[in-house]
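Trainee: sequence? don't have it. structure:
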Ligand code: UT7
């Protein structure tokens, strides 16, 4: 029976605005310098630094699982936000390297943190995952689906990397970054500009499906493959336009920006984007890749955490974030830093 004037459906009421209330990070214990990866791929420290800007990356040990790294990063984010785990209504985890398809990493993480049965689910948008999850969290708080959302970007790509593959072995690292999103009295998360370039969906992909693995007489782990130059060209040319659209939609001019936090894919991509957007000198640019490598879904929150911890960025700064990767998926938004 249709609802008429006498029977009205109640809908959730949210808040006008949402903001990032706190940030946390987990960086694995083991630092892996270029010298440790070069022999297997016939490369050199000089080549890797010149082509990617990477000096070190971190590879997680067996006990540094996706769940463990996420819980550590989340605890730090909750402490920074001054929010108790019991106040978290929803946990969203962006990852492509949780080795259980079910249950989600998020449900284990929500339980371990001591939330009171928070809604919990994972999303798979690879390196672009964190900015996708942040957009969802913003919408949830504003729509009234949740008051506090914990967003985690986590990946352990060392388990999916062929150490002898010249195109990927030196790039990827492991880690987790988390933010708490909650109500705000003023606008603090701008509109997301996102999408996916499906025509190029397989430029970065798992080399075989789990079905292929099981059909194999001598099964080996699936690895990640990447057509690096094509991805490089796409990211360098297209992503600056997406970043500019995020600025435009937020009504922020480049010279009003304090901080630029692009996905830490390659230092040359970051430089090309900054040049193409004509970012003024005063804009501080995240360069976490030098010490962390490309940590996929963790790269934007890890870079954000480092900038705040090292005083390169401050609470109240206006930051442009953009993440992009397999899919080819991308998402960008302007935020006010906690
Ligand atoms: O996070 C998801 C998004 N990912 C990205 O955005 C990554 C985008 N791609 C890249 O960052 C770059 O493509 C790489 C860093 C992966 C590679 O850099 P490149 O400048 O695109 O190198 P290339 O593949 O075009 O190769 C250039 C040269 C070649 O030699 P010749 O043909 O010029 O003599 C390669 O054989 O470098 C050689 N080469 C290497 N040399 C030493 C390729 N890989 C290596 C290597 N060490 N690891």
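Mentor: Noted; the coordinates are in hand. Keep in mind the model is a prediction, meaning the values are calculated, not measured. Numbering: from 1, shown residues only.
Trainee: which residue packs closest to residue 296, ignoring adjacent ones?
Mentor: Using C-beta to C-beta, 6 or more residues apart in numbering and skipping residues adjacent in sequence, the residue nearest residue 296 is residue 155, 3.7 Å away. Where you see a C-beta, it was placed from the backbone N, CA and C, and this is true even at glycine.
Trainee: distance from the chain centre to the helix or strand harbouring that neighbour, please.
Mentor: Residue 155 belongs to strand 149-156 when assigned by DSSP states H and E. How far strand 149-156 lies from its chain's middle: 7 Å, per C-alpha atoms, centre = their mean, to the nearest Å.
Trainee: any part of that strand near the ligand?
Mentor: No - using C-beta under 6 Å from any ligand atom, strand 149-156 stays clear of the ligand, coming no nearer than 9.9 Å.
Trainee: strands paired with that strand, and their directions?
Mentor: Partners of strand 149-156 in the sheet, by DSSP bridges, are strand 90-94 (parallel), strand 174-184 (antiparallel).
Trainee: would you mind listing the buried residues in the longest one?
Mentor: It refers to strand 174-184. Buried residues in strand 174-184, counted by 16 or more other C-beta atoms under 10 Å: 174, 175, 176, 177, 178, 179, 180, 181, 182, 183, 184.
Trainee: now the shortest one
Mentor: Neighbour-count burial for strand 90-94, with 16+ other C-beta under 10 Å as criterion, is recorded at 90, 91, 92, 93, 94.
Trainee: show me what contacts the second one?
Mentor: This means residue 91. With contacts defined as C-beta atoms under 8 Å, 6 or more residues apart in numbering, residue 91 is in contact with 74, 106-107, 109-110, 113, 115, 118-121, 149-150, 152.
Trainee: show me which of these are buried.
Mentor: Buried among those (16+ other C-beta under 10 Å): 74, 106-107, 109-110, 113, 115, 118-121, 149-150, 152.
Trainee: quick one on the thing from earlier: the residue nearest to residue 296 and residue 167, how far apart?
Mentor: 18 Å (C-beta to C-beta, to the nearest Å).
Trainee: go on, residue 201?
Mentor: Residue 201 sits 18 Å away from residue 167, going by C-beta to C-beta.
Trainee: mind listing what the helix or strand hosting residue 261 pairs with, with the direction of each?
Mentor: Element membership for residue 261 (DSSP H and E) is strand 259-262. Partners of strand 259-262 in the sheet, by DSSP bridges, are strand 284-285 (parallel), strand 318-325 (parallel).
Trainee: buried residues in the longest one?
Mentor: Okay, so that is strand 318-325. Residues 318, 319, 320, 321, 322, 323, 324, 325 are the ones in strand 318-325 that count as buried (16+ other C-beta under 10 Å).
Trainee: wouldn't the third one be in contact with residue 334 here?
Mentor: Going back to what we said before, that points to residue 320. Yes - between residue 320 and residue 334 there is a contact under C-beta atoms under 8 Å: 5.3 Å.
Trainee: got any residues that touch both of the two?
Mentor: Counting by C-beta under 8 Å, 6+ apart, the residues touching both residue 320 and residue 334 are 246, 247, 252, 257.
Trainee: neighbours of residue 147, just the number please.
Mentor: 18 (other C-beta atoms under 10 Å).
Trainee: next one: the closest residue to the ligand within the stretch 1-150 of the chain from residue 311, what distance?
Mentor: Relative to the ligand, the nearest point of the stretch 1-150 of the chain is residue 43 (3.0 Å; C-beta to the nearest ligand atom). Noted for residue 43: a distance of 34 Å to residue 311, by C-beta to C-beta.
Trainee: show me which of these two is the more surrounded one.
Mentor: A direct count of neighbours by other C-beta under 10 Å for residue 43 and residue 311 places residue 43 higher, at 16 against 7.
Trainee: if I pick the more buried one, what's in contact with it?
Mentor: Applying C-beta under 8 Å, 6+ apart, the residues contacting residue 43 are 34, 37, 166, 170.
Trainee: name the next helix or strand downstream of the helix or strand of the chain with the lowest mean pLDDT, please.
Mentor: The helix or strand of the chain with the poorest confidence is helix 210-215; it has a mean of 91 (mean pLDDT, DSSP states H and E). Next in sequence after helix 210-215, counting helices and strands by DSSP H and E, comes strand 224-226.
Trainee: note down every partner strand of that next one and its orientation.
Mentor: Using DSSP bridges, the strands paired with strand 224-226 are strand 204-206 (antiparallel).
Trainee: so what touches the strand it pairs with?
Mentor: With contact meaning C-beta under 8 Å, 6+ apart, strand 204-206 is reached by 126, 160, 222-227, 231, 325-328.
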